[in-house]
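> Sharing a model that was predicted from the sequence below.
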Amino acid sequence: MNQTVSSSRHTAILHDALERAIDQAEQLAHPVLAAISFEIDPLDPLQVLSTQDDKRTPYLYWEQNELTFFAWGCALELNGHAEQRFTQVEENWRLLCTDALVTGPVAPRLCGGFRFDTRGQREAHWQGFADASLLLASLTVLREDGQHYLLCQHLAKPGENALALAHDYGSALTRLYRPAERLAPMPYHGADQADTKVSARQQWESKVAEAVQDVRRGRFVKVVLARTQAQPLGHVAPWQVIEKLRQRHADAHLFACRRADACFIGASPERLIKVSAGEVLTHALAGTTRRSGDDQEDTRLGLALLDSAKDRHEHQLVVEAIRTALAPLCEGLEISPVPMLKRLARVQHLDTPIRARLAEGNGILHLLQALHPTPAVGGHPRRAALDYIRQHEGMDRGWYAAPLGWLDGKGSGDFIVALRSALLVQGRGYLFAGCGLVEDSEPSHEYRETCLKLSAMQEALSATTSPAV
């Protein structure tokens, strides 16, 4: 397709839709959401990330087998605070969609994430990431089921110039196909800085031992303790990190989310909740063992995991917590009676698929409020486990282990648990990993498990980092 002709045609579509939205805004005397989409020539959203990341503009990059998109620029940000942050965003989103003017095949959508714990410790490197921050992105490039789309979103106000706005979006369209500029990979200078310190390991294992003692005393049944590994990185391009993660972790949910000068990036194995045409999909993911690189040994390790009373107990806590959370909000709940193995590049997990139908009157953010945090990332009972994490973990989780994803104006959406992740900010990387602790947990084993979980990000960063200047 000739790009000039295509751009001219798309500008005409944008002009017409924006003019109607501005007229509607004048009639209603308040801003109106205009969501305008159309099919475009094939385009990798990761390439667009590579050319549009100016290290200031907020964005979300999202990659799965069925859907990949890059959403950037802020037409509007919806925020929520404290415990009610999910429902606050839900209510404002519904109001915004009530009068929305939608043109084209893609529904309006929000994307972003939530803080793990609004009452937890706060550190400066997470300051750009609010309790809840859902972005109505100005532009989104999507690849879904082999089709490519551009979604333009604007909050139309009375008196705006539709033609000028259409030309602005049209100009942006012509810049989408620029080639990426690649940073040369350099030797990794920050490797394992924290983990090579014996004292850091001993300190964390001591925390684990104390937590296990509290489990045995009956303070809670399970608690999840995380740790962070901070290290210098120099210059790093998030899109190149995603490119590396894509090579080794194609089955994971890849993401990169920028707020201000920080980028939160990862390859999570865990979906928290997906809603599509009223169908609800989730899974329980808890219980971990390593992979060896040898098929026979992997099979032996996997069978041992399936037979492990400690891991099956930890896993079943997650299954039951999800059942309890979804039952009041869903119908026809289906839970597999026994877990299966989910094999990733470096580890394998116990995995139980769960599906249901969303009950009328509920939305995906209601489900998030009920589910988060599951015992897989918090513990059980939830309140006792969270209190313990606040008092003893000694770090700010920020958006780590919290919901991150998108929802649209048709009631569909998808949120993952932001695991296997790192926060990149001002030449430093903060890598995160955690473990679920029950009465049979052994500190040195749990430490090794966190090392395995950290290794995916370490490997991707080592291949894409250039030294500080």
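That came through fine. Residues are numbered from 1 along each chain as shown.
> what packs against the helix or strand hosting residue 14?
For residue 14, the element it lies in under DSSP states H and E is helix 3-28. Contacts defined by 3 or more CB pairs under 8 Å, 6 or more residues apart in numbering; DSSP states H and E place helix 3-28 against strand 32-39, strand 101-103, strand 147-156, helix 162-174. In this view, the C-beta of every residue, glycine as well, is placed from N, C-alpha and C.
> Pick out the shakiest of the ones you listed, pLDDT-wise.
Mean pLDDT per stretch puts helix 162-174 lowest among the helices and strands packed on helix 3-28, at a mean of 91.
> Please list the outside residues in contact with it.
Under the criterion CB atoms under 8 Å, 6 or more residues apart in numbering, residues 3, 6-8, 10-12, 14-15, 18-19, 21-22, 36, 40, 139, 150, 152, 154 lie in contact with helix 162-174.
> do stretch 208-224 as well
225, 314, 317, 375-381, 384-385, 388-389, 392, 401, 434-439, 441, 443, 446-447.
> Can you flag the buried ones in those?
Buried members of the contacts of stretch 208-224, scored by 16 or more other CB atoms under 10 Å, are 225, 314, 317, 375-381, 384-385, 388-389, 401, 434-438, 441, 443, 446-447.
> among these, which are in helices?
314, 317, 384-385, 388-389, 443, 446-447 (DSSP state H).
> In JSON lines: those, plus pLDDT.
Putting those into JSON lines (pLDDT from 0 to 100) gives the following:
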{"residue": "314", "pLDDT": "87"}
{"residue": "317", "pLDDT": "90"}
{"residue": "384", "pLDDT": "97"}
{"residue": "385", "pLDDT": "97"}
{"residue": "388", "pLDDT": "98"}
{"residue": "389", "pLDDT": "98"}
{"residue": "443", "pLDDT": "96"}
{"residue": "446", "pLDDT": "95"}
{"residue": "447", "pLDDT": "95"}
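> Mind telling me the two of these farthest from one another?
Greatest spatial distance in those: 384 and 447, 23.6 Å, computed using CB to CB.
> for stretch 166-174, which positions count as buried?
So stretch 166-174, judged by 16+ other CB under 10 Å, has buried residues 166, 168-170, 172-173.
> what about that stretch, distance to the chain center?
29 Å (CA atoms, centre = their mean, to the nearest Å).
> tell me, what residue is most central in this structure?
residue 404 (3.3 Å; CA atoms, centre = their mean).
> shouldn't that residue be in contact with residue 112?
Yes. In this structure, residue 404 is within contact of residue 112 by CB atoms under 8 Å, at 7.3 Å.
> Quick check: neighbours shared by the two?
60, 257.
> Now do the contacts for residue 47.
179-180 are the contacts of residue 47 under CB under 8 Å, 6+ apart.
> try the one 10 residues further on
Residue 57 is in contact with 72-74, 258, counting by CB under 8 Å, 6+ apart.
> Let's verify it: helix, strand, or coil?
Under the three-state scheme (DSSP: H, G, I helix; E, B strand; the rest coil), residue 57 adopts coil.
> Now it: phi and psi?
phi -70, psi 130 (degrees, to the nearest 10).
> From residue 289, how far out is residue 448?
11 Å (CB to CB, to the nearest Å).
> ok, those two, which is more surrounded?
Neighbour comparison, residue 448 and residue 289: the larger count goes to residue 289, with 22 against 13 (by other CB atoms under 10 Å).
> Look up the closest residue to that one, ignoring the ones flanking it.
residue 305 (4.4 Å; CB to CB, 6 or more residues apart in numbering).
> Please enumerate the strands of the stretch 301-450 of the chain.
330-335, 340-343, 347-358, 379-380, 403-408, 413-417, 421-425, 428-437 (DSSP state E, counting those that start in this stretch).
> likewise the stretch 101-250 of the chain?
101-103, 109-114, 132-144, 147-156, 222-232, 235-236.
> is it true that residue 56 touches residue 259?
No. Contact criterion CB under 8 Å: residue 56 and residue 259 do not qualify, at 10.0 Å.
> Comparing the two, which residue is more hemmed in?
Per other CB under 10 Å, whichever of residue 56 and residue 259 has more neighbours is residue 259, with 23 against 8.
> what's the neighbour count on residue 303?
12.
> what residues are up against it?
Counted by CB under 8 Å, 6+ apart, residue 303 has zero contacts.
> Need the per-residue pLDDT for it.
For residue 303, pLDDT reads 94.
> likewise residue 469?
44.
> Then residue 182?
pLDDT, residue 182: 68.
> Could you do residue 268 as well?
So, for residue 268, pLDDT stands at 96.
> right, and residue 407 touches residue 112 too?
No. In this structure residue 407 lies outside contact range of residue 112 using CB under 8 Å: 9.8 Å.
> which intervals of the stretch 351-469 of the chain have sub-threshold pLDDT?
Regions of the stretch 351-469 of the chain meeting the criterion pLDDT under 70 cover residues 466-469.
> Tabulate the CA atom coordinates of stretch 238-248 in PDB.
Only the C-alpha atoms of stretch 238-248 are listed here, as PDB (Å, rounded to 0.1, in the frame of the first residue of the first chain):
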ATOM      1  CA  PRO A 238      14.300  -1.600  27.000                       C
ATOM      2  CA  TRP A 239      13.300  -2.800  23.500                       C
ATOM      3  CA  GLN A 240      16.600  -4.700  23.200                       C
ATOM      4  CA  VAL A 241      15.900  -6.300  26.600                       C
ATOM      5  CA  ILE A 242      12.500  -7.400  25.300                       C
ATOM      6  CA  GLU A 243      14.100  -8.700  22.200                       C
ATOM      7  CA  LYS A 244      16.400 -10.900  24.200                       C
ATOM      8  CA  LEU A 245      13.600 -12.100  26.500                       C
ATOM      9  CA  ARG A 246      11.600 -13.000  23.400                       C
ATOM     10  CA  GLN A 247      14.300 -15.300  22.200                       C
ATOM     11  CA  ARG A 248      14.400 -17.400  25.400                       C
END
